[in-house]
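A.B. asks: task: produce atomic coordinates for the following.
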Amino acid sequence: MADVVVNDARIKQVLPGRTTTAAYMNLRNTAGKDVALLEARLAQASSIEMHEIVKTDGLSGMRRRPSVALPAGTSVAFKTGGLHLMVFGVQQQLENGVDIELCFDDDTTQIVRFKTEAW
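C.D. replies: Residues are numbered from 1 along each chain as shown. Down below sits the predicted model:
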């Protein structure tokens with residue numbers, strides 16, 4: 001397993017009539033080597049993408065990230081208005097939290113419990 005500590009993992013409830021939501025967390029790489037988050041998976045969703053909010057010419061927009069680097073000894077925050085997980089194709093309410101599988105470039109995975117919270 002990658003030596004990545006995950007805390008404050010949370011996912012927003014799906015709004016009525018929608019199938020997309022967002023998830024956030026803090027990652028800390030406690031290993032002596034760099035790793036990268038490549039993918040996240042949720043059984044109740046068709047896909048999850050890593051996105052970041054970027055400003056171009058004064059306008060904000062989302063840009064997909066193929067991976068997120070976690071250099072040795074550093075932390076990365078997935079938060080509102082910045083880097084986050086976009087969760088697509090959710091067909092049911094996410095009750096009492098969900099398990100999201102995080103996949104790293106060293107061929108390890110980690111299942112993390114994400115607390116469900118309202119918008």
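
A.B. asks: pLDDT score assigned to the residue sitting nearest the centre point of the chain?
C.D. replies: Nearest residue to the geometric centre of the chain (CA atoms, centre = their mean): residue 85, 3.6 Å. Per-residue pLDDT puts residue 85 at 98.

A.B. asks: and residue 91, what does it touch?
C.D. replies: By CB atoms under 8 Å, 6 or more residues apart in numbering, the residues touching residue 91 are 19, 44. All C-beta atoms are positioned from the backbone trio N, CA, C, and that covers glycine.

A.B. asks: from what I can see the residue nearest to the centre of the chain touches residue 40, true?
C.D. replies: Yes. Counting by CB atoms under 8 Å, residue 85 touches residue 40, with 5.6 Å between them.

A.B. asks: now do the shared contacts for these two.
C.D. replies: In contact with both residue 85 and residue 40: 23, 48, 50, 100, using CB under 8 Å, 6+ apart.

A.B. asks: so what strands line up beside the helix or strand containing the last one?
C.D. replies: Put plainly, it is residue 100. Assessed by DSSP states H and E, residue 100 sits inside strand 98-104. Here strand 98-104 has these sheet partners by DSSP bridges: strand 35-41 (antiparallel), strand 109-117 (antiparallel).
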